[in-house]
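> Just the structure for this:
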Amino acid sequence: MEASASIEIAKHTLVSCGLILAIGTITGLLAQKIKIPDVAVFLIVGMLIGPEALGLINIKADSALNQVILLFGASYILFDGGASLRFSVLKHVWITIVVLATVGVVVTAAITSLAAYYVLGVPLMVALLLGSALASTDPATLVPILRQVKIRDRVAQTVISESAFNDATGAIITFGVLAVAMGTGQFSLTTSLLDLLKQSVIGIGAGAALGYLAALLIAHERWSFLAEYAPVVTLAAVIAAYFAADGLQASGFMAVFVFGIMLGNKESLGFKMQPGEAQKLEDYVATTAFIMRLFIFILLGAQVDFALMSQHVVGGVIVVAIFMLVARPATVFLCAMPDRRARWTFNEMVFMCWTRETGVIPAALAGLLLGMKAPGAPMIASVTFIAILMTILIQAPTTKWLGGRLGLLGSRGT
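Numbering: from 1, shown residues only. Model prediction:
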């Protein structure tokens, strides 16, 4: 009986995955035809085929399959984003990236928390939890959008890098506030800063070490005996980078992002692949990233809880509007304007204000808060769903239009 039940579960999982792949492929083609980022269309399709609508797929948010897809998918998309960045660009904008990924998260969390406190009328600690959970941007959303919409390199790479590095800051703030809210500890600025420093150093170190090793094995003149297996090496190294950092209680996402940067800049490190092998690896990464993207956002859409979301829909929309139109612009201008090295133009900063989609990382934090029965967790999950829908469905489709209006579309160079 147990074997029979296992087979039925396996069949159901296989059918669901097949449906997601088939529907996602058609959806991706549709998004390409109407020329908007595919993540927005994936999200809508996920809502349509999920249990709240047509019921074609029903993969629970807390299932092992969903967690594997989210964990590996987000890691792989981050690796892909890191591989697109260049040292020559990053050296001009690194100060802005660091400030946005640290101080910027705090500014966003503070403004959003105040909005939640006054609009929703919730206790201050609950408002702080909501603000902290929403404060980090989402690399799984931003990387594919800025891959599909060609924006000036330094702007795109700053936004992508910020999204990769600020998840650690957001998580540290969230769990620091949670400890106070649940009476299990006290928030300490010194401890939090040390924790962030530790996570950053270990995450960057793990990613850099594995990135260099992978480049050595697939692109070194003498030691590249795994060049023919570059896609497999990459796959294994992404998993290794994540768990190496995670095992040392650092940011796994930060590690896979830095791994991607190292591999993407292997020529700068003195490594060079054969043209045929390099093209094979590039095609493999592009295809795999597309598959991960369609799985993540179709599942995310399918798991939107409309009943939960409707409980706070009016207040939630107002809070998210403040989050998008007040908190983000304040964060960008406060953090980017003082960077004299980068010399950001007004148009570039306006674009960065509009590019801060919410997705997998805040959804995961909201899910953890629900599982831990944190104060106000249902409300936090509800507003997080609203933020995901509003930012992805409003900001993602208008990214190309705004880039064109601001004169940033199709530009290259620093």
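> What's the mean pLDDT across the helix or strand hosting residue 154?
Taking DSSP states H and E as the criterion, residue 154 maps to helix 153-181. Helix 153-181 comes out with an average pLDDT of 84.
> Name the next helix or strand following that helix along the chain.
helix 189-219.
> Just the angle for that following helix relative to helix 153-181, thanks.
For helix 189-219 against helix 153-181, the angle by axes from the mean of the first three to the mean of the last three Cα atoms, to 10 degrees is 140 degrees.
> What distance do you get for the residue at minimal distance from the centre of the chain to residue 382?
Central residue of the chain (Cα atoms, centre = their mean): residue 139, 2.4 Å from the mean position. Distance from residue 139 to residue 382, counting by Cβ to Cβ, to the nearest Å: 24 Å. In short, each C-beta sits where N, CA and C put it, glycine included.
> any weak-confidence spans in this structure?
1-3, 183-189, 411-414 (pLDDT under 70).
> Could you pull out the strands in it for me?
With DSSP state E as the definition, the chain shows no strands.
> hang on, the earlier thing: looking at it, the residue nearest to the centre of the chain is touching residue 79, isn't it?
No: using Cβ atoms under 8 Å, residue 139 is not in contact with residue 79, being 10.1 Å away.
> Overlap in contacts, these two.
Shared contacts of residue 139 and residue 79, defined by Cβ atoms under 8 Å, 6 or more residues apart in numbering, are found at residue 257.
> right, and residue 383 touches residue 319 too?
Yes: between residue 383 and residue 319 there is a contact at 5.9 Å, judged by Cβ under 8 Å.
> about what we covered before: may I have the residues that are in contact with the residue nearest to the centre of the chain?
For residue 139, counting by Cβ under 8 Å, 6+ apart, the contacting residues are 74, 77, 78, 81, 160, 163, 164, 167, 253, 257, 361.
> quick one: which of those is nearest residue 347?
Nearest to residue 347 among the contacts of residue 139: residue 160, at 18.5 Å, using Cβ to Cβ.
> what's the burial count for the closest one?
25 (other Cβ atoms under 10 Å).
> Report the separation between it and residue 22.
30 Å.
> shouldn't residue 78 be in contact with residue 252?
No: using Cβ under 8 Å, residue 78 is not in contact with residue 252, being 9.3 Å away.
> neighbour-wise, which of those two wins?
The neighbour comparison of residue 78 against residue 252 (other Cβ under 10 Å) goes to residue 78, with 31 against 27.
> which residue sits closest to residue 69, ignoring its sequence neighbours?
Closest residue in space to residue 69, ignoring its immediate chain neighbours: residue 295 at 5.1 Å, by Cβ to Cβ, 6 or more residues apart in numbering.
> picking up where we left off before, common neighbours of residue 383 and residue 319, please.
Common neighbours of residue 383 and residue 319 (Cβ under 8 Å, 6+ apart) are 116, 120, 130.
> how many neighbours does the nearest residue to residue 150 once chain neighbours are set aside have?
In space, and not counting its chain neighbours, residue 150 is closest to residue 410: 5.2 Å by Cβ to Cβ, 6+ apart. When neighbours are counted by other Cβ under 10 Å, residue 410 registers 12.
> Please verify my assumption that residue 410 contacts residue 149.
No: the pair residue 410 and residue 149 fails to qualify as a contact (Cβ under 8 Å) at a distance of 9.5 Å.
> which residues touch residue 317?
386, 390.
> I'd like the distance between it and residue 334.
For residue 317, the distance to residue 334 - Cβ to Cβ - is 25 Å.
> Residue 243 now?
As for residue 243, its distance to residue 334 is 36 Å (criterion: Cβ to Cβ).
> ok so, going back, tell me the one of the contacts of residue 139 nearest residue 104?
Closest to residue 104, out of all of the contacts of residue 139 and judged by Cβ to Cβ, is residue 163, at 11.1 Å.
> Neighbour-wise, give me the winner out of the shared contacts of residue 383 and residue 319.
residue 130 (35 neighbours).
> Check whether that residue really touches residue 116, as I assumed.
Yes: using Cβ under 8 Å, residue 130 is in contact with residue 116, at 4.9 Å.
> quick one: common contacting residues for the two?
What both residue 130 and residue 116 touch, as defined by Cβ under 8 Å, 6+ apart, is the set 122, 319, 383.
> By neighbour count, which of those residues wins?
Ranking the shared contacts of residue 130 and residue 116 using other Cβ under 10 Å puts residue 383 first, with 31 neighbours.
> got a list of what it touches?
Counted by Cβ under 8 Å, 6+ apart, residue 383 has contacts 116, 120, 130, 134, 312, 315, 316, 319, 320.
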